[in-house]
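[1] Return a 3D structure for these sequence lines:
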Amino acid sequence: MIEGMFTGLRGLEREDLLLLRDWRNKPHFRKNFREHKELSLFHQEAWYNKTMASSNDYMFGIVDLHDQQLVGVGGLLYINWILRSADFSFYIGKDDLYVDEHYAPDAIESMLKYGFEELNLNKIWMELYEFDTAKFDLFTEHFGFSLDGRLRQNAFYQGRYWDSNIISLLAEDYKKLR
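    Reported below is the predicted structural model:
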C-alpha cells in the first residue's frame with residue numbers, strides 16, 4: 001500500500017465494484033464523468049477486467065488509514081510510455097464528498113508522488129468539464145496544475161453544451177513545488 005498521512009492507495013478488488021458502481025451512478029457525480037449512462041454491475045465488471053489487464057492503467061482504491069475503509073478511487077490512466085504522460089482520474093465517494101479538504105489532498109499528493117517519482121512520468125493531465133469548479137480549483141490552486149486549453153462544447157449537461165478544460169502538471173513543476 002502507498003501511504004499518505006490520512007489515506008492509503010491500494011489495488012482495487014472485485015469486492016469494491018458494488019460500491020464504485022453506486023458512487024458512479026449518483027447524478028451529482030456522474031455529471032462529471034465521461035461515461036454518462038447508468039452503470040450496471042456488468043459494466044463495472046467489464047471496466048474492472050479491462051483496467052486490471054492493462055499495463056497502461058494504474059487504478060487505486062483510496063482507503064482511510066484509520067479504519068481501512070474505501071473512501072474513493074483514483075488512477076493514472078492511458079499511460080503513454082513514450083511521452084511519459086498519464087490521465088489523472090480521481091474522486092472521493094464517501095459521504096458524497098466528490099472532493100474534500102481531508103482525503104482528497106492527501107490521496108492526490110500520494111498519487112502525484114507515485115506518478116512522478118516511481119513511474120517517472122513527465123506529465124499528468126486531466127480533462128474537467130467547466131462546471132466541475134471544485135476539482136478545477138483544487139488541482140490548479142493547491143497542486144499547481146496549469147490550464148493547457150479548452151475543448152469547446154465537449155459536454156452536454158442540463159440542456160446545454162459545456163467546454164472541457166485540459167489541465168496538467170509537468171514533472172519539472174512538480175519538483176519546484178515540493
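
[2] Quick check: end-to-end length of stretch 114-126?
    End-to-end distance for stretch 114-126, by Cα to Cα, to the nearest Å: 16 Å.

[3] How about it, which residues are buried there?
    Using 16 or more other Cβ atoms under 10 Å as the test for burial, stretch 114-126 gives Tyr114, Gly115, Phe116, Leu121, Asn122, Lys123, Ile124, Trp125, Met126. C-betas here are computed from N, CA, C, even on glycine.

[4] mind listing which of these are in strands?
    Judged by DSSP state E, strands contain the following of the buried residues of stretch 114-126: Lys123, Ile124, Trp125, Met126.

[5] one step back: what would the buried residues of stretch 114-126 look like in JSON lines with pLDDT and distance to Gly75?
    Below are those laid out as JSON lines (pLDDT from 0 to 100; distance: Cβ to Cβ, whole Å):
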{"residue": "Tyr114", "pLDDT": "98", "distance to Gly75": "10"}
{"residue": "Gly115", "pLDDT": "98", "distance to Gly75": "10"}
{"residue": "Phe116", "pLDDT": "98", "distance to Gly75": "15"}
{"residue": "Leu121", "pLDDT": "99", "distance to Gly75": "13"}
{"residue": "Asn122", "pLDDT": "99", "distance to Gly75": "18"}
{"residue": "Lys123", "pLDDT": "99", "distance to Gly75": "16"}
{"residue": "Ile124", "pLDDT": "99", "distance to Gly75": "11"}
{"residue": "Trp125", "pLDDT": "98", "distance to Gly75": "13"}
{"residue": "Met126", "pLDDT": "96", "distance to Gly75": "11"}
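
[6] Go through the ones in strands among the buried residues of stretch 114-126 and say which is closest to Ser110.
    Ile124 (12.8 Å; Cβ to Cβ).

[7] ok, that closest one - contacts?
    By Cβ atoms under 8 Å, 6 or more residues apart in numbering, the contact set of Ile124 is Leu76, Ser85, Ala86, Phe88, Leu112, Gly115, Phe116, Ser168, Leu169.
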